[in-house]
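J.: below are the sequence and a predicted model for it; my questions follow.
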Amino acid sequence: MGYLMRCTFYMVIRGTFEGHEGKVVQVYRRKWVYIRRITHEKVNDTIVNVETNPSKVVTTKLKLDKDRMSLLDHKAKGRIIANKAKGTKFSPEDIIQNID
């Protein structure tokens, strides 16, 4: 999924709050994500954010700053190089020679 960031919009895909979408308010890495519009009322009438497991959310809108853009560009370049190397492993001539 990548890294979870504040100010990025996510949508819950499983659980009680399925289909709810909102901006991330707080992140506890590998534990919980607090999303702005997902709240519940306590017994003493205070409204608190409900923690959501990061495996149950999907990114809908990224917050792109210069560091995140450079990270995504770096990953994209690596994938392009890997796909080129993967595609040139065997040529049709090599396959025909192995059959004969």
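T.: Cool, the structure landed.

J.: can you give me the strands for this protein?
T.: Taking DSSP state E as the criterion, the chain carries its strands at 9-12, 21-28, 32-41, 47-52, 57-61.

J.: which residues make contact with the longest helix along the chain from outside it?
T.: The longest helix of the chain (DSSP state H) is helix 66-87. If you take CB atoms under 8 Å, 6 or more residues apart in numbering as the criterion, helix 66-87 is touched by 5, 62, 64. For the C-beta atoms, the positions are set from N, CA and C on the backbone; glycine is no exception.

J.: save the residues you listed as TSV, and put in distance to residue 11, pLDDT and neighbour count too.
T.: TSV is the format used below for the contacts of helix 66-87 (distance: CB to CB, whole Å; pLDDT from 0 to 100; neighbours: other CB atoms under 10 Å):
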residue	distance to residue 11	pLDDT	neighbour count
5	15	76	15
62	13	82	14
64	18	84	11
